[in-house]
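A.B. asks: Let's see this in three dimensions:
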Amino acid sequence: MERFYFANWKENKTLNESLAYIDELQKFLVGCDLSKQRVVIFPPSVFLPQLYERLSSSPGIQLGAQDVSAFLDGAHTGEISARQISSFAHFALVGHSERRREEGETPTVINRKILACYQNSLTPIVCVGGESELRSLDLPDGLSSFSLAFEPPGFIGGEVAQETARILDFYRVARKILANRPFSFVYGGSVSENNVEEIFKSPEISGVLIGHLSLDAKKMAEIILA
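C.D. replies: Got it, this is the predicted structure:
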């Protein structure tokens, strides 16, 4: 089964630091078979074009956007549309817990962002922290490829991940609520090189969303190689 490693850099790194990280990560992964492991870096969107060029000869590592605009285009100062991002990335985070908390993103905005991804060939990584956020999703007809990232409150940015049994409890709830919708299930919350192997023992979990540890290329490689 294909495994996904999503590295969310958040508001960190300069351009030079980002390029150096990519070079360093590639060195750590030399000899690693990435045919069944997809590594996706989510840098600040301002650096997507330069990183896209740097990774053009490294198919094992892809790029994603940390966010997309809820608008397709127009007079929306400071926004970056899914259409613009799709030239450099394959994925986009939508509804991340920090966007919900700090920017007050509502279900309406989040659903519009999912639709924008769908209309521009970006695979959305839809982040939810619980059942109420899950039930608020209004997925567009025809959306055939997306990931659902479970970010349980209380386990984000810490040292200990949520127990696998509780993660799978939420997975079963998601399968019931989303009915016949196909999706890949991702866990995010204190993922490290020490617990990622245990997380992936459950075939229901096909990916991990990594936060602060992904800022260190060596740590990121250790998680991938664990």
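
A.B. asks: Number of residues surrounding residue 8?
C.D. replies: 24 (other CB atoms under 10 Å). Every C-beta, even on glycine, is put in place using the N, C-alpha and C of the backbone.

A.B. asks: Tell me which residues touch it, please.
C.D. replies: Residue 8 sits next to 42, 66, 93, 96, 209, 210, 211, 214 when contact means CB atoms under 8 Å, 6 or more residues apart in numbering.

A.B. asks: Over to residue 150?
C.D. replies: 128, 129, 167, 170, 171, 174, 185, 186, 187, 188, 189.

A.B. asks: Could you give the bridge partners of it?
C.D. replies: Assessed by DSSP bridges, residue 150 has beta-bridge partners residue 128, residue 187.

A.B. asks: Residue 160 versus that one, what's the distance?
C.D. replies: From residue 150 across to residue 160, the span is 16 Å (CB to CB, to the nearest Å).

A.B. asks: And for residue 8?
C.D. replies: 19 Å.

A.B. asks: Who is residue 39 paired with across the strands?
C.D. replies: Counting by DSSP bridges, residue 39 is bridged to residue 5, residue 61.

A.B. asks: List only those of the contacts of residue 150 flagged as buried.
C.D. replies: Neighbour-count burial (16 or more other CB atoms under 10 Å) applied to the contacts of residue 150 gives 128, 129, 167, 170, 171, 174, 185, 186, 187, 188, 189.

A.B. asks: what's the closest of these to residue 88?
C.D. replies: The closest of these to residue 88 turns out to be residue 186 (CB to CB; 21.5 Å).
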